[in-house]
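Participant: just the structure for this:
(one chain, ligands or ions: 1)
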Amino acid sequence: MRMTQEGAGAAGSGDVAGERVAADHLVVEGGERLAGEITVSGAKNAALPILCASLLTTDPLTLHNVPDLHDVRTMLKLLGQMGVKVARDGESVTLDASDITHPSAPYDLVKTMRASILVLGPLLARCGEARVSLPGGCAIGARPVDQHVKGLQQMGAEITLSHGDILAKSPRLRGGATIVTDMITVTGTENLLMAAVLADGETVLANAAREPEVTDLARLLVKMGAQIDGIGTERLVVRGVSRLHGATHNVVPDRIEAGTFLCAAAATRGDIVLRRVAPATLDAVIDKLRETGADVTTGDDWIRVAMAGRVKAVSFRTSEYPAFPTDMQAQFMALNCIADGAAQVVETIFENRFMHVQELQRLGADIGIEGNTAMIRGVTRLSGAHVMATDLRASASLVLAGLVAEGETRVDRIHHLDRGYHRIENKLRAVGARIRRVDARQGEIA
Ligand code: EPU
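Facilitator: Modelled structure (predicted):
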């Protein structure tokens, strides 16, 4: 394992790769039935806050099952710029934040990854100050961070906005507050939790997000010496401690990557076993998949899905965990496009998360949108076309549609996909898909 002051070994090369893959596209030839086994990676949305938790201690933190994704490399680069020493060996990462030299997150990194805001809470708690560029709007909606800021202010932080940066200061954050955010927010809960663990006194997060990724972070914090009650519930009670120590942790499996492959199996009338997965985190997705007619069986750390006939249309609304996740909306939309019957899909979390619709229409899907509701009438066939990825999960839905479309589908702008799926084409090819990555400059590379 290599130790670098700036985390350059972990992140710098990733950036080069990131620039290269930005020009890549995927070519999918539809019509293959998928069968076989896929091993699921660690969860992106758990790994990102957990990497930030390294800022809370002077001791090393060792993490396993960290997915090799562009967003993870960006986060390692960001932490490296602050002085955190990063050593990466495959899916294991050791972080040493004994010396934080720059408690700040600059715009050039924050603008590429909104989750950079997750350094705000831990930096403030550990260093008493932080400067984090305000994330701008993003493709799936405005996504403000006002609730993160409001919660930190309730813990005694002085927060100002200067030249597009959030400037936060507090000698030591104080407990005593019961924080009720205006809506349930995943990264908001994570930020406030990481701040509260080192505060002076007790903080209550009264409507905390219950996503498995929040729970995974809370479990890691407890291993580091934090005192948190109510883990996994909407009410987190945190008694602040004066210091946290190092720990070792396995990141929870990625339920959204898993869910995406479950949809791929159902769409292609396939039979797939997923390994290294946490079925209990996928209850709502599995229920919906069964409604499509799929036969789903689960064990401790595996899920098998087998689909005999055509998918049945399924209506749903996205909501906070444990209800149906917004991060699976686009993939189930792709299933509905080829389903028997019509379905209504309501997106309640983000105001602009239907951008995949116009690309799916290019493949022949019959979808109408009114506000946050989409009506999908299943068609008997999609036909391959040239489409463009607009955000991470939208990209996944286009790949799924491509797997069943007649002929060739080309998906451009797949740097979005690479943020959250590690080489999705390799995992799909291993179960029989005809999919390849093409580098715009070098030609076919896989
Ligand atoms: N919101 C505010 N103010 C805030 C915070 C949130 O108005 O201060 C709003 C958002 O605009 C949104 C809603 O509250 O309308 C919920 O947003 P939330 O804060 O829960 O989303 P997030 O924390 O920014 C995480 C995931 C997303 C996932 C959502 C919802 C990470 C790094 N990101 O985002 O993941 O969709 O929770 O589950 O954990 C993805 O992986 O593709 C992805 C977008």
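Participant: use CA for all of it now, contacts and neighbours both
Facilitator: OK.
Participant: how long is stretch 258-278 end to end?
Facilitator: Separation of the first and last residues of stretch 258-278 by CA to CA, to the nearest Å is 9 Å.
Participant: what does this protein put close to the ligand?
Facilitator: Of all the residues in the chain, those in contact range of the ligand (CA under 6 Å from any ligand atom) are 45, 115, 142-148, 183, 185-188, 326-327, 349-350, 392-393.
Participant: try it again at 5 Å.
Facilitator: Counting by CA under 5 Å from any ligand atom, the residues of the chain close to the ligand are 45, 115, 143, 144, 145, 146, 147, 185, 186, 187, 349, 350.
Participant: so can I have JSON lines of these showing neighbour count, pLDDT and secondary structure?
Facilitator: Listed next are the residues of the chain next to the ligand as JSON lines, based on neighbours: other CA atoms under 10 Å; pLDDT from 0 to 100; DSSP: H, G, I helix; E, B strand; the rest coil:
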{"residue": "45", "neighbour count": "25", "pLDDT": "98", "secondary structure": "helix"}
{"residue": "115", "neighbour count": "18", "pLDDT": "95", "secondary structure": "helix"}
{"residue": "143", "neighbour count": "14", "pLDDT": "77", "secondary structure": "coil"}
{"residue": "144", "neighbour count": "14", "pLDDT": "89", "secondary structure": "coil"}
{"residue": "145", "neighbour count": "16", "pLDDT": "93", "secondary structure": "coil"}
{"residue": "146", "neighbour count": "11", "pLDDT": "94", "secondary structure": "helix"}
{"residue": "147", "neighbour count": "21", "pLDDT": "96", "secondary structure": "helix"}
{"residue": "185", "neighbour count": "20", "pLDDT": "97", "secondary structure": "coil"}
{"residue": "186", "neighbour count": "17", "pLDDT": "98", "secondary structure": "helix"}
{"residue": "187", "neighbour count": "23", "pLDDT": "97", "secondary structure": "helix"}
{"residue": "349", "neighbour count": "20", "pLDDT": "96", "secondary structure": "coil"}
{"residue": "350", "neighbour count": "15", "pLDDT": "92", "secondary structure": "coil"}
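Participant: beta partners of residue 410?
Facilitator: Beta-bridge pairing of residue 410, defined through DSSP bridges, involves residue 27, residue 386.
Participant: verify the stated contact: it with residue 359.
Facilitator: No - between residue 410 and residue 359 no contact is recorded; they are 11.2 Å apart, counting by CA atoms under 8 Å.
Participant: mutual contacts of these two, please.
Facilitator: Common contacts of residue 410 and residue 359 (CA atoms under 8 Å, 6 or more residues apart in numbering): residue 387.
Participant: wait, what's in contact with residue 59?
Facilitator: 96, 97, 98, 245, 246 are the contacts of residue 59 under CA under 8 Å, 6+ apart.
Participant: let me fix that: residue 394
Facilitator: For residue 394, the set of contacting residues under the criterion of CA under 8 Å, 6+ apart consists of 330, 331, 355, 356.
Participant: and residue 314, by the same measure?
Facilitator: Residue 314 neighbours (CA under 8 Å, 6+ apart): 288, 291, 292, 336, 342, 343, 344.
Participant: in the stretch 201-350 of the chain, which spans are strands?
Facilitator: Taking DSSP state E, counting those that start in this stretch as the test, the strands found in the stretch 201-350 of the chain are 202-205, 227-229, 236-239, 247-250, 271-275, 295-298, 302-306, 316-317, 342-346.
Participant: restrict the fourth one to CA atoms and write it as PDB.
Facilitator: Same thing as strand 247-250. Only the C-alpha atoms of strand 247-250 are listed here, as PDB (Å, rounded to 0.1, in the frame of the first residue of the first chain):
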ATOM      1  CA  ALA A 247     -11.600   1.800  13.400                       C
ATOM      2  CA  THR A 248     -11.900  -0.700  10.700                       C
ATOM      3  CA  HIS A 249     -15.200  -1.100   8.700                       C
ATOM      4  CA  ASN A 250     -16.700  -2.900   5.700                       C
END
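Participant: partners of that strand in the sheet?
Facilitator: In the sheet, strand 247-250 lines up against strand 60-64 (parallel) (DSSP bridges).
Participant: now what about the strand it pairs with, what contacts it?
Facilitator: 54, 91-98, 246-251.
Participant: ranges for the helices of the stretch 201-350 of the chain?
Facilitator: Using DSSP state H, counting those that start in this stretch, the helices of the stretch 201-350 of the chain run over 212-223, 255-267, 283-291, 329-337.
Participant: helices or strands next to the last one in the packing?
Facilitator: Right, the one you point to is helix 329-337. If you count contacts as 3 or more CA pairs under 8 Å, 6 or more residues apart in numbering; DSSP states H and E, helix 329-337 packs onto helix 255-267, strand 342-346, strand 373-377, helix 392-404.
Participant: pLDDT on the second one, on average?
Facilitator: Which is strand 342-346. Predicted confidence along strand 342-346 averages 98 (mean pLDDT).
Participant: report the inter-axis angle for it versus strand 373-377.
Facilitator: For strand 342-346 and strand 373-377, the angle between their directions (axes from the mean of the first three to the mean of the last three CA atoms, to 10 degrees) works out to 160 degrees.
Participant: got the contact list for strand 342-346?
Facilitator: Counting by CA under 8 Å, 6+ apart, the neighbours of strand 342-346 from elsewhere in the structure are 313-318, 329, 333, 336, 372-378.
Participant: give me that answer again for 6 Å
Facilitator: Defining contact as CA atoms under 6 Å, 6 or more residues apart in numbering, one finds that strand 342-346 is touched by 313, 314, 315, 316, 317, 372, 373, 374, 375, 376, 377, 378.
Participant: hang on, the earlier thing: okay, the contacts of residue 314 in CSV with neighbour count next?
Facilitator: Written out in CSV, the entries for the contacts of residue 314 read as follows (neighbours: other CA atoms under 10 Å):
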residue, neighbour count
288, 17
291, 15
292, 24
336, 30
342, 19
343, 21
344, 19
